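*Asks:* have a look at this prediction, sequence included:
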There are 2 protein chains.
Amino acid sequence: MATGRTHRPATRSRGIPEATVARLPLYLRALTALSERSVPTVSSEELAAAAGVNSAKLRKDFSYLGSYGTRGVGYDVEYLVYQISRELGLTQDWPVVIVGIGNLGAALANYGGFASRGFRVAALIDADPAMAGKPVAGMPVQHTDDLEKIIEENGVSIGVIATPAGAAQQVSERLIAAGVTSILNFAPTVLSVPEGVDVRKVDLSIELQILAFHEQRKAGEGSGGAGADVDADTEPGADAAAGAAPVAAVEPPAGRAAAAAAAARKGGPEGDVPAVMPA
Amino acid sequence: MATGRTHRPATRSRGIPEATVARLPLYLRALTALSERSVPTVSSEELAAAAGVNSAKLRKDFSYLGSYGTRGVGYDVEYLVYQISRELGLTQDWPVVIVGIGNLGAALANYGGFASRGFRVAALIDADPAMAGKPVAGMPVQHTDDLEKIIEENGVSIGVIATPAGAAQQVSERLIAAGVTSILNFAPTVLSVPEGVDVRKVDLSIELQILAFHEQRKAGEGSGGAGADVDADTEPGADAAAGAAPVAAVEPPAGRAAAAAAAARKGGPEGDVPAVMPA
DNA sequence: CACTGTGAACACTTTCACAGCT
DNA sequence: AGCTGTGAAAGTGTTCACAGTG
């Protein structure tokens, strides 16, 4: 148990590390695939490979759930599927609402994996009156005016926000006031929410920017100010140059005034990073 | 990602921690907003609040980039925008291709923030011949047959996969063979790629499952230890919330046979967690 | 004085390596 | 013999608190 920070009740340690929780869905997916192929048992090694992690990590993760394996044999697939599902709360049904039915919202609504795993789309909500009543994914879009009613009547506690950035904060406040306590936010904004409400964020441009950072490292940078590509991110086993990365030279640093000008030029036509979808 | 091997050169390295890299886009977004309001300087405290992190973390993050602030004053907004953009590689143009133009692919193609920040959609690619030529986001969809040609001609090094799960691995292999070295994967599969290729994953059902886990904690389970929640990001506001969360009790554990049966019952109609979009 | 920049403490995560069970 | 489960070590990330500076 290591250093218990404050006093954790010595009961069955219910404290599953966040990093482990984030991997459970991965294991579950791999296990489900095995289950469909009627594979009865897996070793930590096999399952880890399927989930894309290493086996020590997997075993450690499972050890937080309990001792569900059999030494010398491995894990019973069906049993583990059940245990992980239960741990994740997927043995109950979670009604969710999707707010903002643009391209992205529609894509989410059509997402099959939703229904198959304990989640049920209870309603699609959009602010555009022209959308109201239109069927999306076999379900009529409802107007934002009814948001509170919909949340309450369906006992919704998880909301998905797929609105433009400008609307997201307000939508989140209405969702929360109506009883939602978990939000999955696709709008490119930081939501500020009261304690006790969980927010997870999915943000395309952040992901791309992180990729660009690493991509830049791979490309050139052999010499000069920035130093060698220290973080031996990986060996260029397969020649990174193949793709002829863009060569545009980075403008050299300059005095603050000049730099500021350069930065200002970048200001796009749109305001802040705009919303993922237009309506 | 990179198996960090043995000794790290003790040179005061350019090694920016991954966690910091992941936050730079957040800072950049907040700074861009300030820049548009012509705010000349920010303190770490203010900027941190806008980005949803705490100020110590922000200062530490910036310290990896260099000393870009002024003691007693704060940071010059324009200057920081430029420095972070440069660090992230956004001063150059990154052509990207999107493969799989279903609902999600179309949503991504229409995503405005793409273009405004160093990323340019070079092509939309889909396997459906019926899609070929159709305009999406003002751009004709091209057929998968031409994938390699498109990648090479445009010098694309970043690919976005928005295909069904079943196609993702193969698509990634073709992208990589053609020169792509960074992939943003929206398909619910673990991609296996050679060393030197970065993959980032965006997965709706994983995010929902993580939310469900925490949601479940909030609902029942009042007695046990774990009380705190995930991410205490912003300042505590009103504690309100108080939603009526679903109360359905989790089925009690049972003997292995019974549990397995229960688990089996859950097997969804669809195969594995299906793709986000139908292509 | 206000605010940055940073060493040092602390907390969390991953990895190692092996004891222990079947 | 084979594989799980887990302490302990190593590595990463976060927070504290204050020295240093404009």
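*Replies:* Right, received. Where do you want to start? Computed from a predicted model, the values in this text were never measured in an experiment.
*Asks:* which residues touch residue A:161?
*Replies:* Counting by Cβ atoms under 8 Å, 6 or more residues apart in numbering or on different chains, residue A:161 touches A:99-100, A:168, A:171-172, A:175, A:183-187, A:191. Using the backbone N, CA and C atoms, a C-beta is placed for each residue, glycine as well.
*Asks:* could you pick out the buried ones from these?
*Replies:* Burial by neighbour count, judged by 16 or more other Cβ atoms under 10 Å in any protein chain shown, picks out A:99-100, A:168, A:171-172, A:175, A:183-187, A:191 from these.
*Asks:* in strands only, show me those residues.
*Replies:* A:99, A:183-185 (DSSP state E).
*Asks:* quick one: the helices in the stretch 1-150 of chain A?
*Replies:* With DSSP state H, counting those that start in this stretch as the criterion, the stretch 1-150 of chain A has helices at A:18-36, A:44-51, A:55-65, A:77-88, A:103-109, A:112-115, A:147-154.
*Asks:* worst mean pLDDT among these?
*Replies:* When the helices of the stretch 1-150 of chain A are compared on mean pLDDT, helix A:112-115 scores lowest, with a mean of 75.
*Asks:* I'd like the helices of the stretch 1-150 of chain A as a markdown table, with distance to residue B:138 and mean neighbour count appended.
*Replies:* As requested, the helices of the stretch 1-150 of chain A are exported to a markdown table (distance: least, Cβ to Cβ, whole Å; neighbours: other Cβ atoms under 10 Å in any protein chain shown):
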| stretch | distance to residue B:138 | mean neighbour count |
| --- | --- | --- |
| helix A:18-36 | 36 | 20 |
| helix A:44-51 | 39 | 19 |
| helix A:55-65 | 45 | 17 |
| helix A:77-88 | 41 | 24 |
| helix A:103-109 | 14 | 26 |
| helix A:112-115 | 29 | 20 |
| helix A:147-154 | 33 | 17 |
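*Asks:* okay if I get those helices as TSV plus distance to residue A:213?
*Replies:* Conversion of the helices of the stretch 1-150 of chain A to TSV gives the following (distance: least, Cβ to Cβ, whole Å):
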stretch	distance to residue A:213
helix A:18-36	22
helix A:44-51	26
helix A:55-65	25
helix A:77-88	32
helix A:103-109	25
helix A:112-115	30
helix A:147-154	38
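*Asks:* need these in JSON lines (columns: distance to chain B).
*Replies:* As requested, these are arranged in JSON lines below (distance: least, Cβ to the nearest Cβ, whole Å):
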{"stretch": "helix A:18-36", "distance to chain B": "4"}
{"stretch": "helix A:44-51", "distance to chain B": "6"}
{"stretch": "helix A:55-65", "distance to chain B": "11"}
{"stretch": "helix A:77-88", "distance to chain B": "3"}
{"stretch": "helix A:103-109", "distance to chain B": "3"}
{"stretch": "helix A:112-115", "distance to chain B": "4"}
{"stretch": "helix A:147-154", "distance to chain B": "8"}
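*Asks:* and these: which comes nearest residue B:147?
*Replies:* Between residue B:147 and the helices of the stretch 1-150 of chain A, the tightest spacing by Cβ to Cβ is seen for helix A:103-109, at 22.0 Å.
*Asks:* got a list of contacts for that closest one?
*Replies:* A:98-99, A:101, A:114, A:121, A:124, A:126, A:136-137, A:139, A:160, A:162-163, A:186, A:276-278, B:102-104, B:106-107, B:110, B:204, B:276-277.
*Asks:* what's the PyMOL syntax to select whichever of those are buried?
*Replies:* PyMOL command restricting these to the buried ones, with burial defined by 16+ other Cβ under 10 Å:
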select buried, (chain A and resi 98+99+101+114+121+124+126+136+137+160+162+163+186+276+277) or (chain B and resi 102+103+104+106+107+110+204+276+277)
